[in-house]
Structures are given as structure tokens and as C-alpha cells.
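A.B. asks: sequence plus predicted model, see below.
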Amino acid sequence: MRHNRVINHLGRTSSHRKAMLSNMATSLILHKRITTTTAKAKALRTFVEPLITKSKEDSTHSRRVVFSYLKDKMAVAELFREVSPKIAERPGGYTRILKIGNRIGDNADMCIMELVDYNEAMLGGEAAKTKTTRRRRSTKKKDEAVAETKAPKSAKPKTEKTEKPVAKAEKSAGESVPEEK
């Protein structure tokens, strides 16, 4: 019976299992998504989520604690600089496991494990807003037409304003242009 046995040993020794989980956590933090077996992903979730929670407080002590688990400077820097600000308001559940079927060779149950806040397809908010634009007639032409009909009769037409700079440009070119009286 498996009374009170919480840890899945994954058929490995303790040192091998710790090294494997450390490497997988590093890959998950750096790449934001990994493909692995479901059993390893469930073991990795219990390994990496406390580290992400620890990264919310950016102090020397928490960086050293996380480094003692990951043993990779680049992963620790990525976790504290980019991942933790993005998940700061999230109370937990930083990872998602998506099952993708069985592996061809040994029929192992495979899945994709990813950080929740980095999947733009599932977030949908920002990407969907940009895609839902409709093609319709421009309102600028309608607004100009309405403004011309409502304009007072004493207003000068726009053509006079454009003629004066042209006349000045012609004078500066050396041509003589008679002035209006």
C-alpha cells in the first residue's frame, strides 16, 4: 500500500531526480513551455511553483534559495526579472498542463507544461482585440461633408490659403508675379 507516500520517485534515485527536476525547471523558466511526460510534469509542478512564489519577493536571500534549487544563473535572473513581475498579482497556479496524447515509442502519456501568463493564444484578450476590427467606410469623409455644409458663409475657402504660399515661392524663384490689390 502507498499510505502517505506523496512524492513520485519517477524510477530514479534521489540525486538523479533532483537534478532532472532542476534541469526541467530551468528549461521551463527559460523557454516558458516544455514537452514532457505527464508524471514528470506533475512532479515538476510541485518543484517549480514554490520557487515562483519565492521569486515574488526580490531579495538576496530569496535569490540564493532559488539558486540552490535551480543551479543556473540565467534561469534565476529570468525568473526574478521577467516572470515574477508578470505573475505578481496571481495567488498561485503558475503552470498549466495540456495533455497531447501518447508517445509513439513507448506509449507514455505526454503533455505540454507551460507558464500560464505566457500563452497568448489562451489569454486571448489582447490578440482577439486586434483581430476583431471591421472594414467599414471611413467616417472622415462624412465628417468633412457635414462640416462644409454647416460652415458659415463668411468663412474663406481653403483654396486662397494654399495660393499665397505658392505665389511667395514663385517670387523667390525669380519670377515676377503681379500682386493682388
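C.D. replies: Arrived safely, thanks for sending.
A.B. asks: phi first, then psi, for I97.
C.D. replies: In this entry, I97 is assigned phi and psi values of phi -110, psi 120 (degrees, to the nearest 10).
A.B. asks: one more: the one 5 residues further on?
C.D. replies: In terms of degrees, to the nearest 10, the main-chain angles of N102 are phi -110, psi 150.
A.B. asks: beta partners for it?
C.D. replies: Beta-bridge pairing for N102 (DSSP bridges): D109.
A.B. asks: what's the domain layout of the protein?
C.D. replies: Domain ranges of the chain: 14-119, 139-172, per automatic domain parsing.
A.B. asks: deepest of these, which one?
C.D. replies: Ranked by mean neighbour count under mean count of other C-beta atoms under 10 Å, the domains of the chain are led by domain 14-119, which reaches a mean of 16. C-betas here are computed from N, CA, C, even on glycine.
A.B. asks: so how far is that domain off the chain centroid?
C.D. replies: Domain 14-119 sits 17 Å away from the centroid of its parent chain (C-alpha atoms, centre = their mean, to the nearest Å).
A.B. asks: how far does that domain stretch from start to finish?
C.D. replies: Distance between the two ends of domain 14-119: 32 Å, counting by C-alpha to C-alpha, to the nearest Å.
A.B. asks: next one: stretch 52-68
C.D. replies: Distance between the boundary residues of stretch 52-68 (C-alpha to C-alpha) amounts to 14 Å.
A.B. asks: identify the residues contacting that stretch?
C.D. replies: Residues external to stretch 52-68 that are found in contact with it (C-beta atoms under 8 Å, 6 or more residues apart in numbering): 51, 73, 76, 79-80, 83-84, 87-88, 92, 94.
A.B. asks: for stretch 82-90, same thing?
C.D. replies: Contacting residues not belonging to stretch 82-90 are listed as 29, 52, 55-56, 58, 94, 115-118 [C-beta under 8 Å, 6+ apart].
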